[in-house]
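Enquirer: Structure for the following, please:
(chains A, B, C and D)
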2 protein chains.
Amino acid sequence: MSQSDTLTPLIVDLAKREKKHQVVCEACALYRLCLPLGLHRDDLVVLDQLVKRRQSYKRKQDLFTTNDTFSALYVVRSGSFKTTISTSNGREQVTGFYFPGEFIGLDAIHMPSYQSNAIALESSSVCALPFDNLQQVGERLPRLQIQLLTRLSRELAGDKSFMLLLGKKTAEEKLATYLISLSKRFQDRGFSAQDFRLTMSRNDIANHLGLAVETISRVLTKFQGLGLVVINGKDISLKDITKMEALCG
Amino acid sequence: MSQSDTLTPLIVDLAKREKKHQVVCEACALYRLCLPLGLHRDDLVVLDQLVKRRQSYKRKQDLFTTNDTFSALYVVRSGSFKTTISTSNGREQVTGFYFPGEFIGLDAIHMPSYQSNAIALESSSVCALPFDNLQQVGERLPRLQIQLLTRLSRELAGDKSFMLLLGKKTAEEKLATYLISLSKRFQDRGFSAQDFRLTMSRNDIANHLGLAVETISRVLTKFQGLGLVVINGKDISLKDITKMEALCG
DNA sequence: CGCGCGTTTGACATGACTCAAATGCTGTGG
DNA sequence: CCACAGCATTTGAGTCATGTCAAACGCGCG
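Expert: Next comes the predicted model:
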């Protein structure tokens, strides 16, 4: 079966999407970071058909909640999200933060329901990749599957080194590591590695790093005292990234 | 291209393997737990051709080390392994334990090199899945790719809830959670959920849970005092799994 | 059988937590 | 546009869970 059989209706569809400002993958600002990377042009057309674009969420709104039936993976398009899980008695752990181009929901693949809660930290939007289709389409697009494998593997590796942070690092090392990690991620996304905005609350940071809010506050003021950072509310400026990296342990 | 083109030489090859006691996947005791699950019979023949069986390792021997070039995924066939990563200044974190049927190396997919160290805890053996081939073959066997996605996703979900343990649980809750988790894994593998052997040292357990060895010792004796467990060196017997689950927090 | 490592037990130290209170910021309604 | 309410952040003081250090014990391997 040739792919061009299905091509004509698709092009019409894509045109419709353009009208609704639903930028096709190829034209998306995240193109370089997102799923399509490594896909052929024909593959992209198929992917474009699959993606549900521009779902918007405002601050504190749930993208999904534990036990919601698993239906789609999400790619952050703008803004940021946090994911959390909880103990039976209600203690909560922030398991990750997600920025544009990053995937949310990878830990629920082939589970009946999501394994965590995903909450917007600010006004944000995502592309949804309905997983049923993704799987069918994936069988025709091996490169798509490989992209998924790569993403999963990368997040897994990240979580392993986060275990090292949680298990073996001091409060200062944790915060330094966290700031450096954010800095790198923003840099990868084409933003400043030095100046950025902490869209999550101090509470979220503390929770994520396994610390108390007060400790975050104290360490941040200490870092500021050392001239390592300048802090202005949610805005932070890393004044000596090299020295900060040395503090990561 | 029909698959039977390649079938005849394969059958000869499989016969050779049988002679060398290299049990084909279909006849393997781990069949139910391992990769082949969900594959069709024809697929299995292809997979069998790919797998390098019966690589043996003795206690403390490395399966791979950080920065070794990534070449294969491994499935534990017998025995057990731990994986570790380290800070630049030499502190080490045990990131996981692996038992028969479980995959090692998933965090290195599409990386140039392994991201961790994998070390045998006892005399153990693995099946190696060379990844170059796996990828090629995967393009012809979507079900294999899906198995891989599922495995990765499951390990990711496990690591997320391990973050909850490291970040938010007390020493007692950590150890209780750990013991229950082992119990479940052994049960899944057809072994007793009550009596099993801790193949890893107290040090490894402590390290993994973000605690000191002494703390493990103390909590274990406390659990024994409460009649929750009976401990005999590396052998442990869970005397009240329900009560232990209640301690998991 | 003995050596050495792994484990247990005890005493003490401390990093980070908890509680408390002051201060600052943000979004909302009049 | 301002003022206030309510939440987030900071700072300070005291406590505690778990770590560190030290020493005895015992099991398993050669």
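Enquirer: how close does A:S71 get to A:E26?
Expert: From A:S71 across to A:E26, the span is 25 Å (C-beta to C-beta, to the nearest Å). C-beta: built from backbone N, CA, C; applies to glycine.
Enquirer: Shouldn't A:D159 be within a helix?
Expert: Yes - secondary structure assignment places A:D159 in a helix (DSSP: H, G, I helix; E, B strand; the rest coil).
Enquirer: Test my guess that it contacts B:L164.
Expert: No - the pair A:D159 and B:L164 does not pass the contact test of C-beta atoms under 8 Å, sitting 12.0 Å apart.
Enquirer: quick one: contacts for the residue lying closest to A:L33 once chain neighbours are set aside?
Expert: Spatially, and ignoring its direct neighbours in sequence, A:L33 is nearest to A:G101 (3.2 Å; C-beta to C-beta, 6 or more residues apart in numbering or on different chains). By C-beta atoms under 8 Å, 6 or more residues apart in numbering or on different chains, the contact list for A:G101 reads A:L30, A:L33, A:C34, A:V75, A:V76, A:R189.
Enquirer: Pick out the one among these with the largest number of neighbours.
Expert: Greatest neighbour count in the contacts of A:G101, by other C-beta atoms under 10 Å in any protein chain shown, goes to A:V76: 25 neighbours.
Enquirer: can you pull the contacts of that residue?
Expert: Listed by C-beta under 8 Å, 6+ apart, the contact partners of A:V76 are A:Y98, A:F99, A:P100, A:G101, A:E102, A:I104, A:S124, A:S125, A:V126.
Enquirer: nearest residue to A:K168 other than its sequence neighbours?
Expert: Here the residue nearest A:K168, using C-beta to C-beta, 6+ apart, is B:R91, at 4.8 Å.
Enquirer: Let's see the pLDDT reported for the one you found.
Expert: Per-residue confidence for B:R91 comes out at a pLDDT of 95.
Enquirer: What degree of burial does it show, as a neighbour count?
Expert: Residue neighbour count, defined by other C-beta under 10 Å, stands at 15 for B:R91.
Enquirer: Please report phi then psi for it.
Expert: phi -70, psi 140 (degrees, to the nearest 10).
Enquirer: what's the closest non-adjacent residue to A:L30?
Expert: Residue nearest to A:L30 in three dimensions, not counting chain neighbours: A:G101, with 4.7 Å by C-beta to C-beta, 6+ apart.
Enquirer: where does chain A dip in pLDDT?
Expert: For chain A, the stretches with pLDDT under 70 are A:1-22, A:35-38.
Enquirer: Close to DNA strand D: what parts of it are there?
Expert: Selection of chain A residues close to DNA strand D by C-beta under 7 Å from any atom of the strand yields A:S201, A:R202, A:N203, A:V213, A:E214, A:I216, A:S217, A:R218, A:L220, A:T221, A:I231, A:K234.
Enquirer: Surely the last one and A:F196 touch.
Expert: Meaning A:K234. No - between A:K234 and A:F196 there is no contact, the gap being 9.5 Å when judged by C-beta under 8 Å.
Enquirer: who's more crowded, these two?
Expert: A:F196 (20 against 13).
Enquirer: ok but the more buried one is inside a strand, no?
Expert: Yes - with three-state DSSP as the criterion, A:F196 is part of a strand.
Enquirer: can you pull the contacts of the residue most central in space within chain A?
Expert: Most central residue of chain A, judged by C-alpha distance to the mean C-alpha position with C-alpha atoms, centre = their mean, is A:Y98 at 2.6 Å. Contacts here follow C-beta under 8 Å, 6+ apart; on that basis A:Y98 touches A:V76, A:S80, A:F81, A:K82, A:T83, A:I104, A:A118.
Enquirer: For DNA strand D, see how far away the residue lying closest to the third one once chain neighbours are set aside is.
Expert: If I follow you right, that is A:F81. Sequence neighbours aside, A:Y98 is the residue nearest to A:F81 in space, at 4.5 Å (criterion: C-beta to C-beta, 6+ apart). In this structure, A:Y98 and DNA strand D are 18 Å apart, going by C-beta to the nearest atom of the strand, to the nearest Å.
Enquirer: so what are the domain limits for chain A?
Expert: The record's domain parsing of chain A by automatic domain parsing lists A:3-162, A:169-246.
Enquirer: Quick one: closest of these to B:G225.
Expert: For the domains of chain A, distance to B:G225 was read as C-beta to C-beta. The smallest value, 23.7 Å, belongs to domain A:3-162.
Enquirer: touching DNA strand C at all, that closest one?
Expert: No - no part of domain A:3-162 sits near DNA strand C under the criterion C-beta under 7 Å from any atom of the strand; the closest distance found is 8.1 Å.
Enquirer: now that domain, how far from the centre of its chain.
Expert: Its chain's average C-alpha position is 9 Å from that of domain A:3-162, according to C-alpha atoms, centre = their mean, to the nearest Å.
Enquirer: just stretch A:182-200 next, same as before
Expert: The offset between the C-alpha centroid of stretch A:182-200 and the centroid of the whole chain comes to 13 Å, using C-alpha atoms, centre = their mean.
Enquirer: list the buried ones in it?
Expert: Residues A:L182, A:S183, A:R185, A:F186, A:R189, A:F196, A:L198, A:T199, A:M200 are the ones in stretch A:182-200 that count as buried (16 or more other C-beta atoms under 10 Å in any protein chain shown).
Enquirer: in a helix, that's where A:F186 is, yeah?
Expert: Yes - if the criterion is three-state DSSP, then A:F186 is within a helix.
Enquirer: separation between it and A:E122?
Expert: Here the distance between A:F186 and A:E122 works out to 15 Å (C-beta to C-beta).
Enquirer: what do you get for A:L134?
Expert: When distances are taken as C-beta to C-beta, A:L134 and A:E122 turn out to be 27 Å apart.
Enquirer: Show me which of the two is the more surrounded one.
Expert: Set side by side, A:L134 and A:E122 show more neighbours around A:L134, with 20 against 16, by other C-beta under 10 Å.
Enquirer: Specify which member of the contacts of A:G101 is nearest to DNA strand C.
Expert: Using C-beta to the nearest atom of the strand, A:V76 comes nearest to DNA strand C of the contacts of A:G101, at 20.3 Å.
Enquirer: ok, the strand or helix carrying that closest one: who's next to it in the sheet?
Expert: A:V76 belongs to strand A:72-78 when assigned by DSSP states H and E. In the sheet, strand A:72-78 lines up against strand A:103-104 (antiparallel), strand A:124-130 (antiparallel) (DSSP bridges).
Enquirer: gap between A:S237 and chain B?
Expert: According to C-beta to the nearest C-beta, to the nearest Å, A:S237 and chain B sit 25 Å apart.
Enquirer: Repeat that for A:N232.
Expert: Spatial separation of A:N232 from chain B under the definition C-beta to the nearest C-beta is 28 Å.
Enquirer: Just among the residues of chain A next to DNA strand D, which is most surrounded?
Expert: For the residues of chain A next to DNA strand D, counting by other C-beta under 10 Å, the largest number of neighbours falls to A:I216: 23 neighbours.
Enquirer: any idea how far A:F162 is from A:D48?
Expert: Distance of A:F162 to A:D48, computed by C-beta to C-beta: 34 Å.
Enquirer: How about A:Q224?
Expert: 46 Å.
Enquirer: okay, those two: which has more neighbours?
Expert: Neighbour comparison, A:Q224 and A:D48: the larger count goes to A:D48, with 21 against 14 (by other C-beta under 10 Å).
Enquirer: these two touch, right, A:R185 and A:F99?
Expert: Yes - at 6.0 Å, A:R185 and A:F99 qualify as touching, with contact defined as C-beta under 8 Å.
Enquirer: thought A:D43 was touching A:L141?
Expert: Yes - if you go by C-beta under 8 Å, A:D43 and A:L141 touch, sitting 5.0 Å apart.
Enquirer: Before I go, just wanted to say thanks for your time.
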